[in-house]
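Visitor: With the input below, show me the fold.
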Amino acid sequence: MSTPIKVLMVEDSVTLSAIYSAYLQDTDYHLASVETLGMAHTALSAFQPDIVLLDVELPDGNGLDFLTEAASQEHPPKVIVMTAFGTSDMAVKAIQAGASDFLTKPFDAARLKVTLDNTAARLQLGKRAQELAQLERDSYCNFIGKSLAMQSVYKTIDSLALSDATGFIVGESGTGKELAAEGIHQQSPRRDAEFIAINCGAIPSELMESELFGHVKGAFTGASANREGAASIANGGTLFLDEICEMSLELQKKLLRFIQTGTFRKVGSNTLETVDIRFVCATNRNPLAEVSEGRFREDLFYRLHVVPLHMPPLREREDDVLMLANHFLQHFGEQAGKHFEGFSEDAAAVIRRYPWPGNVRQLQNAMQQVVVLNDGQLVTEATLPTSITSGPLGINQTPADISAATTASVSKLVAPEYSHLARRQQIEPLWVTEKKAIEAAIAACDNNVNRAAGLLEIAPSTLYRKIQAWKQLQA
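Guide: Model prediction:
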């Protein structure tokens, strides 16, 4: 046994108590002895035994009455009943009252040791089962899911939170990378300090340095007052840099110096400031590919890539998709004052089968749409969004199937006098129109996605997500 098992012996015979103690003298059991029920009650909380050897006939009562109190403990001990009046009825009564085993006096050292060893083994097995049960969590840190993939995420967050090592979170958009970063912060000793998140892809590069480090009055046009940056606000806490691969190379160099030294200067200031920050970063790109293409500094990558955490896409999370769908259904249903009991078999099959390229975020939006547009207790396949049941990213669909399904959906909305074939053929799915417009913008900008995003007035990360989704469609 790796740790001593604490055994409390309740025996009113001083002679027998000495004999049993001698039996266990060369074992790993840590033994404490008492002579009455009153003393046993006190020892139960003070000694906190793992196993109790309990005599039945005691001076101040029946030992079986002690079983109820033992079972009520936060960590109840295993109880082995000892009696000289060994009958089958007594044994049954003891087991029914909660005893783990039964010893009939007199017994020798071998019998006592075997009984204790078996009980200790069951005790260890029970503890291990509890540990495994805790690991197999249905939810954790605002995540919902019990798949093996998510159990791995939970375990990594647990381990990472205990240190100040930098977490590098990778995964597709919508998989919960920011939730993971928040979880690391909330489970860490820094939980009472600030958690500050910066989306490196949503802030123009010329403003990013000020957002990160702050600025002083007059540092640039429009800087009418001093401003604290994320680095100052997150002092003592956690700074989460989302979409880190979209940060400019010039700022990457300053970030590297900041991480190495813990010091920085506000824009326009000569004063060096020192902070204590835990860094967590995330990206939906392949960081090694970004390094090899020269878009991300190799030295910064290895400084940040200390403990990697991969967020699994929804399609790899087994039946988590139904748990999440039901959660969102109930959540939005409560907000709308509607009651949904769940999903029909055909609707559940569609939800399981669909690949969910937008991951949890797409599922959330789909369930909100279901609640807004429908009433009734059961969600059926017919009430699911057509983009899920017959949309461009459906399972086992060819482009011809997609076009036919979309045309059929549109034709239902067109009045009979306008639904002739010529008009139908002029209609194309919205996603196709959007794809053409985005591709034209990128081509006009010489394949510079960031510049195209600026002209389209959307975040570069949005463009990258859409491009990634189209690539999955073509694969």
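
Visitor: what about the one helix or strand Asp117 maps to, average pLDDT?
Guide: Applying DSSP states H and E as the criterion places Asp117 in helix 109-135. Across helix 109-135, pLDDT averages out at 76.

Visitor: for stretch 452-469, same thing?
Guide: pLDDT averaged over stretch 452-469 gives 74.

Visitor: Dump the C-alpha coordinates for that stretch into PDB.
Guide: What follows is stretch 452-469, C-alpha atoms only, in PDB (Å, rounded to 0.1, in the frame of the first residue of the first chain):
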ATOM      1  CA  ALA A 452      -9.800  42.800 -49.400                       C
ATOM      2  CA  ALA A 453     -11.300  42.500 -45.900                       C
ATOM      3  CA  GLY A 454     -10.800  46.200 -45.400                       C
ATOM      4  CA  LEU A 455     -12.500  47.100 -48.700                       C
ATOM      5  CA  LEU A 456     -15.400  44.700 -47.800                       C
ATOM      6  CA  GLU A 457     -15.500  46.300 -44.300                       C
ATOM      7  CA  ILE A 458     -15.300  42.900 -42.500                       C
ATOM      8  CA  ALA A 459     -12.700  41.400 -40.300                       C
ATOM      9  CA  PRO A 460      -9.900  39.400 -42.000                       C
ATOM     10  CA  SER A 461     -10.700  36.500 -39.700                       C
ATOM     11  CA  THR A 462     -14.200  36.300 -41.200                       C
ATOM     12  CA  LEU A 463     -12.800  36.000 -44.700                       C
ATOM     13  CA  TYR A 464     -10.400  33.300 -43.600                       C
ATOM     14  CA  ARG A 465     -13.200  31.300 -42.000                       C
ATOM     15  CA  LYS A 466     -15.300  31.500 -45.100                       C
ATOM     16  CA  ILE A 467     -12.400  30.500 -47.300                       C
ATOM     17  CA  GLN A 468     -11.700  27.500 -45.000                       C
ATOM     18  CA  ALA A 469     -15.400  26.500 -45.200                       C
END
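
Visitor: How is this structure divided into domains?
Guide: 5-133, 145-312, 315-427, 429-475 (automatic domain parsing).

Visitor: Those domains: which one's closest to Ser139?
Guide: domain 145-312 (7.4 Å; Cβ to Cβ). All C-beta spots, glycine's among them, are computed from the backbone N, C-alpha and C.

Visitor: Show me the shaky parts of this structure.
Guide: For the chain, the stretches with pLDDT under 70 are 1-2, 85-89, 91, 125, 128-135, 391-429, 431, 457, 461, 472-475.

Visitor: Which stretch among the domains of the chain is buried most, on average?
Guide: Per residue and on average, the most neighbours among the domains of the chain fall to domain 145-312, with a mean of 18 (mean count of other Cβ atoms under 10 Å).

Visitor: how about the strands in the stretch 351-475 of the chain?
Guide: In the stretch 351-475 of the chain, the strands defined using DSSP state E, counting those that start in this stretch lie at 378-379.

Visitor: now the helices: where do they sit in it?
Guide: 359-373, 386-389, 399-413, 421-426, 430-444, 449-456, 460-474 (DSSP state H, counting those that start in this stretch).

Visitor: after the helix or strand harbouring Ile169, next one along is what?
Guide: Secondary structure from DSSP H and E places Ile169 in strand 167-170. As assigned by DSSP H and E, the chain's next helix or strand after strand 167-170 is helix 177-186.

Visitor: what's next to that following helix, contact-wise?
Guide: Outside helix 177-186, the residues that touch it by Cβ atoms under 8 Å, 6 or more residues apart in numbering are 140-143, 153, 157, 160-161, 167, 169-171, 191, 195, 197, 237-238, 240, 242, 278, 280, 282, 284, 309, 311.

Visitor: Let's see which of those residues end up in strands.
Guide: Using DSSP state E, the subset of these located in strands is 140, 143, 167, 169-170, 195, 197, 238, 240, 242, 278, 280, 282, 309.

Visitor: you'd agree Tyr354 is up against Ser390?
Guide: No - using Cβ atoms under 8 Å as the test, Tyr354 is too far from Ser390 to be in contact (10.6 Å).

Visitor: distance of the nearest residue to Phe301 once chain neighbours are set aside from His215?
Guide: Once flanking residues are discounted, Phe301 sits nearest to Val291: 5.2 Å by Cβ to Cβ, 6 or more residues apart in numbering. In this view, Val291 and His215 are 30 Å apart by Cβ to Cβ, to the nearest Å.

Visitor: Over to His327?
Guide: Distance from His327 to His215, by Cβ to Cβ: 42 Å.

Visitor: Same question for Phe240.
Guide: Distance from Phe240 to His215, by Cβ to Cβ: 21 Å.

Visitor: With Met311 instead?
Guide: Met311 is 34 Å from His215, by Cβ to Cβ.

Visitor: now Ala161
Guide: Plainly put, Ala161 is 32 Å away from His215 if you go by Cβ to Cβ.

Visitor: next one: Gly333
Guide: On the measure of Cβ to Cβ, Gly333 and His215 end up 46 Å apart.

Visitor: And for Leu378?
Guide: 56 Å.

Visitor: Now do the SS call for the nearest residue to Gly237 once chain neighbours are set aside.
Guide: Nearest non-adjacent residue to Gly237, counting by Cβ to Cβ, 6+ apart: Ala193, 3.2 Å away. In three-state terms, and counting by DSSP: H, G, I helix; E, B strand; the rest coil, Ala193 is coil.

Visitor: so what's the backbone phi/psi at Ala193?
Guide: phi -90, psi -180 (degrees, to the nearest 10).
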